[in-house]
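Q: Dropping the sequence and predicted coords here.
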Amino acid sequence: MEHVMSAAEQILRTSGAPALRLGALLDELRTATGERALQAPRLRSLLESRPDRFRVLDPWRGPWRSVGRPDGAQPGEPWVVAVRDLGDGAGVAGTPRAIRRIRESVRWLGVALDARSARCVARWQGLVLEGLVAERVLSRAA
């Protein structure tokens, strides 16, 4: 499964985002590696077994997770962050410096935060989403 872990790091590096949802990473991995049988619970356990390479941050961890939606769908997916410095943090060549800084700052905050604190993870998730909005605005302005 080392090839899956290497592919996951590469996808996180080139995604152009500081973190990816587990489902999005799984879809990308299936395409990149051809591992069609790989399921989200297995991928999550693989990622969590390598804390030197990945952080899995779940804002819905806790007693409220079972609440869910009326249609039975889970309320949210965990985020996956690459721990190791994966280069310039740009993801895509030619990315403006301000966007690279936002991405790297949010990624490093994800690496450093207390994953046991639902409040910290929820705040970090808000930063990820606000960072994506800021990127869109900065891209339009450039």
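A: Received, thanks. Residues are numbered from 1 along each chain as shown.
Q: Counting by contacts, list what the longest helix anywhere in the chain packs against.
A: If you go by DSSP state H, the chain has its longest helix at helix 118-141. Packing partners of helix 118-141 (3 or more CB pairs under 8 Å, 6 or more residues apart in numbering; DSSP states H and E): strand 54-57, helix 97-112. All C-beta spots, glycine's among them, are computed from the backbone N, C-alpha and C.
Q: Least confident of these, on average?
A: If the helices and strands packed on helix 118-141 are sorted by mean pLDDT, helix 97-112 sits at the bottom with a mean of 89.
Q: Can you give me the buried ones in that one?
A: Of the residues in helix 97-112, I99, R100, I102, R103, E104, V106, R107, L109, G110, V111 count as buried by neighbour count, 16 or more other CB atoms under 10 Å.
Q: List the buried residues in the strand or helix carrying M5.
A: Using DSSP states H and E, the element containing M5 is helix 2-14. Within helix 2-14, the residues that count as buried by 16+ other CB under 10 Å are V4, M5, A7, A8, E9, I11, L12, R13.
Q: The last one and A82 touch, don't they?
A: Yes - R13 is within contact range of A82, at 6.8 Å (criterion: CB atoms under 8 Å).
Q: shouldn't Q125 be in contact with V81?
A: No - the criterion here is CB under 8 Å, and Q125 misses it with V81 at 11.1 Å.
Q: Compare these two (neighbour count), which wins?
A: Neighbours per residue (other CB atoms under 10 Å) separate Q125 from V81, with V81 holding more: 24 against 20.
Q: if we can go back for a sec, what's the overlap in contacts for Q125 and V81?
A: Shared contacts of Q125 and V81, defined by CB atoms under 8 Å, 6 or more residues apart in numbering, are found at L57.
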